[in-house]
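# I need the structure of the sequence given here:
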Amino acid sequence: MQLKTFITLIILFVLLTLPIGCATLSTRQPIGDKSGIDLSKVQTLSFTEVKERLRTEGLGFTTLKAKANIIITSPETKGEFRCKGVVRFQKPGKIRVLGSKLARTVFDMLSDEENYWFYLPNEKAVYTGKCNTVRKRDTGMFISPDDIAALLEYDKLFEGRSAYMETWPTYWLVHILERKGDAVVPYSRLRVDRIDNRVTDLTLFKPDSFIKVQASFYDYAVISERPIPEAIQIHWPDTDTTLNLSMNNITINEPLKPEMFQFKKPKKARIIEIN
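Numbering: from 1, shown residues only. Next comes the predicted model:
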């Protein structure tokens, strides 16, 4: 009996010291974490402090004008498509991006917070619909202008929603949740650098909890005393489309003409309702 008791104690000791379940999650380093970083510069902030900085500081501008080098990768473009462009953005929810090549417009996308339009001259087609609605995959429209506007207003993501935060060695993950009936589902997720408090990645989810759109923000520059990302990469999993914007000649908080965000139907173009 003493031998059996001794063996049982050894087995229990081994089982209790194995790193199982959630214990492994607290020590595992996620893929994509920064390496070789000076941890002495890492800040220690509470969730309330991080949330408040995101809401009040964030991308602290009301308007943005810029020129851009644009790269689109999509099955629709059959590889990489490069062009020049201009970006115009105004809170709340208004954005326009025009792409041109060899002095010709190759696309014109616009959102006025309520509706969006995506014009492709080569197809003589304008795809249009209501903002903040779920679109079917096979519509012929592979970029969503209203999603781009939403990504530039992440301070609004907290409105009417709950949130919590994970703390990792070099960044915070802020999870924003939304109630759908009796269920609570993910609405968005932000990755925030713990050194400079800048958002590096942002994910928006669909009501079914699948990813709607992902964005990464790079190469922050201080413009008019505000940190502005000069490079933005946006990916839509449903259409396997990636949009890269490398912006230059950026100005912020200057008045924009209202007609910039007013849609005018191009001649001989057919209108395709998405929703």
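# ranges for the strands of the stretch 51-200 of the chain?
With strands called from DSSP state E, counting those that start in this stretch, the stretch 51-200 of the chain shows them at 63-74, 79-90, 94-101, 104-112, 115-120, 125-130, 162-167, 171-180, 183-193, 199-205.
# Quick one: these as a markdown table, columns for mean neighbour count and distance to Ser224 too.
Where C-beta positions appear, they are placed from N, C-alpha and C, glycine not excepted. Listed next are the strands of the stretch 51-200 of the chain as a markdown table, based on neighbours: other Cβ atoms under 10 Å; distance: least, Cβ to Cβ, whole Å:
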| stretch | mean neighbour count | distance to Ser224 |
| --- | --- | --- |
| strand 63-74 | 18 | 11 |
| strand 79-90 | 17 | 15 |
| strand 94-101 | 20 | 19 |
| strand 104-112 | 20 | 24 |
| strand 115-120 | 22 | 28 |
| strand 125-130 | 19 | 34 |
| strand 162-167 | 14 | 29 |
| strand 171-180 | 18 | 26 |
| strand 183-193 | 18 | 21 |
| strand 199-205 | 20 | 19 |
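# Switch these over to JSON lines; also include mean pLDDT.
As requested, these are exported to JSON lines (pLDDT from 0 to 100):
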{"stretch": "strand 63-74", "mean pLDDT": "95"}
{"stretch": "strand 79-90", "mean pLDDT": "94"}
{"stretch": "strand 94-101", "mean pLDDT": "95"}
{"stretch": "strand 104-112", "mean pLDDT": "94"}
{"stretch": "strand 115-120", "mean pLDDT": "93"}
{"stretch": "strand 125-130", "mean pLDDT": "91"}
{"stretch": "strand 162-167", "mean pLDDT": "96"}
{"stretch": "strand 171-180", "mean pLDDT": "95"}
{"stretch": "strand 183-193", "mean pLDDT": "95"}
{"stretch": "strand 199-205", "mean pLDDT": "96"}
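# what would those strands look like in CSV with distance to Ile250?
Conversion of the strands of the stretch 51-200 of the chain to CSV gives the following (distance: least, Cβ to Cβ, whole Å):
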stretch, distance to Ile250
strand 63-74, 4
strand 79-90, 9
strand 94-101, 14
strand 104-112, 19
strand 115-120, 23
strand 125-130, 28
strand 162-167, 30
strand 171-180, 25
strand 183-193, 20
strand 199-205, 17
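# Nearest to Gln262, out of those?
strand 104-112 (7.4 Å; Cβ to Cβ).
# Just want the angle from the closest one to strand 63-74.
Orientation of strand 104-112 against strand 63-74 (axes from the mean of the first three to the mean of the last three Cα atoms, to 10 degrees) gives an angle of 120 degrees.
# Give the other helices and strands that strand 104-112 contacts.
In terms of contacts (3 or more Cβ pairs under 8 Å, 6 or more residues apart in numbering; DSSP states H and E), strand 104-112 is packed against strand 94-101, strand 115-120, helix 145-151.
# any chance of the ones you listed in a markdown table, with distance to Leu64 too?
As requested, those are exported to a markdown table (distance: least, Cβ to Cβ, whole Å):
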| stretch | distance to Leu64 |
| --- | --- |
| strand 94-101 | 9 |
| strand 115-120 | 18 |
| helix 145-151 | 11 |
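# I'd like to know which of these lies nearest to Ser46.
helix 145-151 (25.6 Å).
# wouldn't Glu230 be in contact with Val222 here?
No. Glu230 is beyond contact range of Val222, at 10.8 Å (criterion: Cβ atoms under 8 Å).
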